[in-house]
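> below is the sequence, then the predicted model.
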Amino acid sequence: MTFRSYQKFALVVPTLNEAENITTVLDRVTGAMSMIQVPWEVLVVDDDSDDSTGRKVLQYAESDRRVRLLVRRSQRGLAGAVSYGWAQTDADLLGVIDADLQHPPELLPTLINKVCEGFDVAVASRYLRPNSTQGWSLIRRVVSRLSIVATVRVQKSAVRVKDPMSGFFVLRRECIEGLSLQPTGFKVLLEILATGHVNSAVEVPFTFAPRHYGKSKANGMTALHYISLLYKLSRYVGPQPRRCLQAKEYMKGADR
């Protein structure tokens, strides 16, 4: 693969009541970013938290102007926050990471380098290394595995990955050009892999850490959004050979 150069990298950190984690997240993210050669910025997209998340980000931004706070009013959802953040930057290299410290920011230089090497998407994967989800309960491990098995039909065979529901990845902006990603749910990567302009993907292993503070935002609606997404993708991702959908065709079907 040919090494590619990029003008700018933008990392989106979606937040909702992550005041206890956000300063540590930003410290670790900016520390990791100091290892890369590409100019960068961090966009904290906050869904109008009712704790001090926003205030802490603004305080942090006073000492590092590459950190920005974007607040969404009367909106909820990780997928929508990610799309919104990417739309607010002119970066040609994009990424996302959770704010709960379960993803290791120190892996960012490796993910970025993989895309610079020529891959369209670089995914931080929980399923390449044994015992990378050791802290999970048996029920959570089983549900996670079954959820991934359910994605096989909607993934493109040429770019199929072991962790299509990872919330930590880096990609070229061209992969999502012309797409209107769904505003709800958590599984942004799966939708991109199924409908985006993606011809190659690589996975990098990591160990999923326990949440440090706060509580998970996943609930019953998360499962419903996931089932809805699978249904839409199974209907509107074309038969083999897989083809990328036009955004208007995909969204027309999604609105039915």
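Yep, that arrived. Owing to the predicted nature of the structure, the values given are computational and were not obtained by experimental measurement.
> could you report the neighbour count for the nearest residue to V25 once chain neighbours are set aside?
Closest residue in space to V25, ignoring its immediate chain neighbours: A99 at 5.3 Å, by CB to CB, 6 or more residues apart in numbering. Yep, even glycine has a C-beta here, placed from its N, CA and C like the rest. Neighbour count of A99, defined by other CB atoms under 10 Å: 25.
> what does S34 give?
If we define neighbours as other CB under 10 Å, then S34 has 9 of them.
> for the one 10 residues further on, same thing?
Residue neighbour count, defined by other CB under 10 Å, stands at 29 for V44.
> also E177?
Using other CB under 10 Å, E177 has 10 neighbouring residues.
> distance from stretch 82-89 to the middle of the chain?
Stretch 82-89 sits 12 Å away from the centroid of its parent chain (CA atoms, centre = their mean, to the nearest Å).
> tell me who's in contact with the closest residue in space to R28 that isn't next to it in sequence.
Nearest-residue entry for R28: P105, 4.2 Å, with adjacent residues in sequence omitted and distances by CB to CB, 6+ apart. For P105, the contacting residues are 25, 28-29, 31-32, 97, by CB atoms under 8 Å, 6 or more residues apart in numbering.
> distance of P105 from R126?
P105 is 16 Å from R126, where distance means CB to CB, to the nearest Å.
> same check on L107?
Per CB to CB, L107 is found 12 Å from R126.
> go on, L16?
According to CB to CB, L16 and R126 sit 22 Å apart.
> ok, the two, which is more surrounded?
R126 (23 against 20).
> which pLDDT value belongs to that one?
Turning to R126, the model gives it a pLDDT of 88.
> specify which member of the contacts of P105 is nearest to Q75.
Q75 lies nearest to I97 out of the contacts of P105, by CB to CB, at 20.0 Å.
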